[in-house]
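>>> Got a sequence here, can you model it:
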Amino acid sequence: MSWLWTVGLLVVSNIFMTFAWYGHLKMQELKWISNTTPLIIVILISWGIALLEYCAQVPANRMGFAGNGGPFSLMQLKVIQEAITLVVFTVFTVVFFKGESLHWNHFAAFVCLILAVYFVFK
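Numbers count the residues shown, from 1 in each chain. Have a look, this model is predicted:
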């Protein structure tokens, strides 16, 4: 059951990470901040969101790591995290940035990621 908690926490952490890294672009579009907002303010907002990311990411890695009794090797944790990151980022982009669209090469990349997850578990 720890694998489910690990993956769930990785999904939560990646949602916060995506908002920390790219959310300020949407905030600017919504006029919550402007392109004249000092960079330090934008960085501090992102850090605040990233703190929530770490509150999920660190427990996920500790719980999921085989060295702590979890089901995953370090390499498996990283590949799972990267696959989740791209799925979360894709959903974020399509939902929040209507001007962005998916193309055939994006789907080809997803197939490669699925293959990466498959091979890391072999």
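
>>> Give the buried residues for the helix or strand bottoming out on mean pLDDT in the chain.
Among the helices and strands of the chain, helix 104-120 carries the lowest confidence by mean pLDDT, DSSP states H and E, at a mean of 87. Judged by neighbour count (16 or more other Cβ atoms under 10 Å), helix 104-120 contains these buried residues: 113, 120. Just so you know, the C-beta spots here come from the backbone N, C-alpha and C atoms, and that holds for glycine as well.

>>> who's in contact with it?
75-76, 79-80, 82-83, 86, 90 (Cβ atoms under 8 Å, 6 or more residues apart in numbering).

>>> Adding pLDDT, distance to I45 and secondary structure as columns, could you present those residues in JSON lines?
Output for those, formatted as JSON lines (pLDDT from 0 to 100; distance: Cβ to Cβ, whole Å; DSSP: H, G, I helix; E, B strand; the rest coil):
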{"residue": "M75", "pLDDT": "91", "distance to I45": "33", "secondary structure": "helix"}
{"residue": "Q76", "pLDDT": "92", "distance to I45": "33", "secondary structure": "helix"}
{"residue": "V79", "pLDDT": "90", "distance to I45": "30", "secondary structure": "helix"}
{"residue": "I80", "pLDDT": "92", "distance to I45": "28", "secondary structure": "helix"}
{"residue": "E82", "pLDDT": "88", "distance to I45": "25", "secondary structure": "helix"}
{"residue": "A83", "pLDDT": "88", "distance to I45": "27", "secondary structure": "helix"}
{"residue": "L86", "pLDDT": "88", "distance to I45": "24", "secondary structure": "helix"}
{"residue": "T90", "pLDDT": "89", "distance to I45": "23", "secondary structure": "helix"}
